[in-house]
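J.: here's a sequence, model it:
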Amino acid sequence: MKKMLPILILVAVVVAIVLVKKGQPTASVEPVVWYGMMPHPYMTEVEAGAKAASADTGVAVHTVVGQEWTQDNENANIKALSTKGHKGFSIFPGDPAGANGLFAELARNGQYVVAYGAEPNIPTPATFTVATYIHQAATDAAEELVKMMGGKGNILNVLETVTDVNTKVRDDAIIAVAAKYPDVKIIQTISDMTQVSVAKEKIQSALAARGEEIDGIITTGYNPTIAAAAVLTEWHADPSHKRIRYIGIDTGATVLEAIRNGSIDATVAQNPFGHGYISATLLAKMTQGWTPRQPYQFINAGHVVITKDNLDTYGEEVKAITDAIVADIETKYLAPPK
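T.: Now for the predicted structure:
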C-alpha cells in the first residue's frame, strides 16, 4: 500500500488539474479587432454595429478606441494589437495614403483588413472598404439644398475638421454642384468644427455678420450639423429673421427634432451602424475560411435624405440597405471555404 501511495497521489493531482481546467474558461484572443479613431458619436455607432455582428456571427470582436484622430496614433495602436494573435482588423483610414502602409504590414502578417468610413488610396492592401459613397452623399445634399432655394441664392458652406479625410471630398462635391447653377454662390466657407460648442459659435458669428445675405446653409459632419440645428432653431424663432434653407450630413436627436418642428429642412443619414456590422461580418467569415471573390471591393453602405416626410421611417430605409448587403456577402463578396 505504501508503494502505491505516490502513484495514487500523482493520479489525484492529474485529475484535479484536469477538473480545474474544465471549470475555467481558457484564455483566448478575439479573432477580429474593431478600431475607432477616437471618442466620437460616429465611432460609437460603428462600434455598436461591430458588436452586434459579433453577437450574430458568434465570432468574438475586440473593440478599441484611440486617443486622437491621427494616422500616427492609429499606427501605434494597431501595430501593438497586431502582435496579439488577432486575425482581422476593421479600421478607419485616418489618412488615405498613410493608412496603406499600415494595411500592407498587416497583410504581410497574414491578417485581414477591412477599411470602413472612408476609402484609402487605391490600390490598397485592404480587401474591402465599407463606407458611404461620400462624394455622392454630399452631391445629393447640395442638390437638395439648391432645390429648396429655388435654384438661386447664397450658400454658407460649413465643414467639420480638416483632419477628416472625407472633408475635402464633401467640399469638392458642394463646390461642383454650386458651379452648375449661375445664380447660386458659395459666399463663405467655415471649418475646423472640433466640438459642437465651437461649431455653434462659428455659425452664430456667420449669421450675425451675413444672415440677411445667406439663403441656404449646408453642414457636412456631426459637430456642425448638431450645432446648426440648434442655431437655426433659435434663428427661426425670431419672426424678424428671414427663412434660411438648410441641409446637413449626419443625425442626432437635436437634428431630428429640428426637422420635426420645422426649424430646419433636412439632413442626410449615413449608415454608421452598417459600417461596423458589415465590416465585422466580413472579417468574421474570412477568419472562418471564406475568401474574397475579388482582390478589392468598395461596398457602398448607403445614405438617406431625411425630411419631415420620412422622419419616422428613415431608420427602416437605412436598415434595409444593411440587410441587403449582408444577404449578398456569401454570394457577391465572399467565396465559401474549400
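
J.: pull out the buried positions in the helix or strand hosting Ala80.
T.: Per DSSP states H and E: Ala80 is located in helix 71-81. Under the neighbour-count criterion of 16 or more other C-beta atoms under 10 Å, helix 71-81 has Gln71, Glu74, Asn75, Asn77, Ile78, Leu81 buried. Yep, even glycine has a C-beta here, placed from its N, CA and C like the rest.

J.: my guess is the last one contacts Glu74. True?
T.: It refers to Leu81. No - if you go by C-beta atoms under 8 Å, Leu81 and Glu74 don't touch, sitting 10.6 Å apart.

J.: what touches both of the two?
T.: Tyr35 (C-beta atoms under 8 Å, 6 or more residues apart in numbering).

J.: domains of the chain?
T.: The record's domain parsing of the chain by automatic domain parsing lists 32-132+272-302+315-335, 134-269.

J.: dump these to a markdown table, plus distance to Lys308 and mean pLDDT.
T.: Output for the domains of the chain, formatted as a markdown table (distance: least, C-beta to C-beta, whole Å; pLDDT from 0 to 100):
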| stretch | distance to Lys308 | mean pLDDT |
| --- | --- | --- |
| domain 32-132+272-302+315-335 | 15 | 97 |
| domain 134-269 | 6 | 96 |
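
J.: Asp309: which of these is closest?
T.: domain 134-269 (9.6 Å; C-beta to C-beta).

J.: start to end distance for the closest one?
T.: 12 Å (C-alpha to C-alpha, to the nearest Å).

J.: what are the boundaries of the helices in this protein?
T.: 5-23, 41-57, 71-81, 98-108, 134-148, 165-180, 196-210, 222-237, 253-260, 272-287, 314-328 (DSSP state H).

J.: kindly compare burial across those and name the winner.
T.: Comparing the helices of the chain by mean neighbour count (mean count of other C-beta atoms under 10 Å), helix 272-287 ranks first with a mean of 27.

J.: now the angle between helix 314-328 and that one, please.
T.: 10 degrees (axes from the mean of the first three to the mean of the last three C-alpha atoms, to 10 degrees).

J.: hang on, the earlier thing: what does the helix holding Ala80 rub up against?
T.: 33, 35, 37-38, 62, 64, 66-67, 89, 91-95, 98-99, 101-102, 105-106.

J.: with only the CA atoms kept, save it in PDB.
T.: Output of helix 71-81 as PDB, limited to C-alpha atoms (Å, rounded to 0.1, in the frame of the first residue of the first chain):
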ATOM      1  CA  GLN A  71      -2.700  58.200 -38.600                       C
ATOM      2  CA  ASP A  72       0.400  58.100 -36.300                       C
ATOM      3  CA  ASN A  73      -1.800  57.300 -33.300                       C
ATOM      4  CA  GLU A  74      -3.700  54.700 -35.200                       C
ATOM      5  CA  ASN A  75      -0.500  53.100 -36.500                       C
ATOM      6  CA  ALA A  76       1.000  52.800 -33.000                       C
ATOM      7  CA  ASN A  77      -2.200  51.300 -31.500                       C
ATOM      8  CA  ILE A  78      -2.800  48.800 -34.300                       C
ATOM      9  CA  LYS A  79       0.800  47.700 -34.500                       C
ATOM     10  CA  ALA A  80       0.700  46.900 -30.800                       C
ATOM     11  CA  LEU A  81      -2.500  44.900 -31.300                       C
END
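
J.: before we move on, the earlier item: just send the domains of the chain back as a markdown table, with distance to Asp309 too.
T.: Shown next, in a markdown table, are these (distance: least, C-beta to C-beta, whole Å):
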| stretch | distance to Asp309 |
| --- | --- |
| domain 32-132+272-302+315-335 | 12 |
| domain 134-269 | 10 |
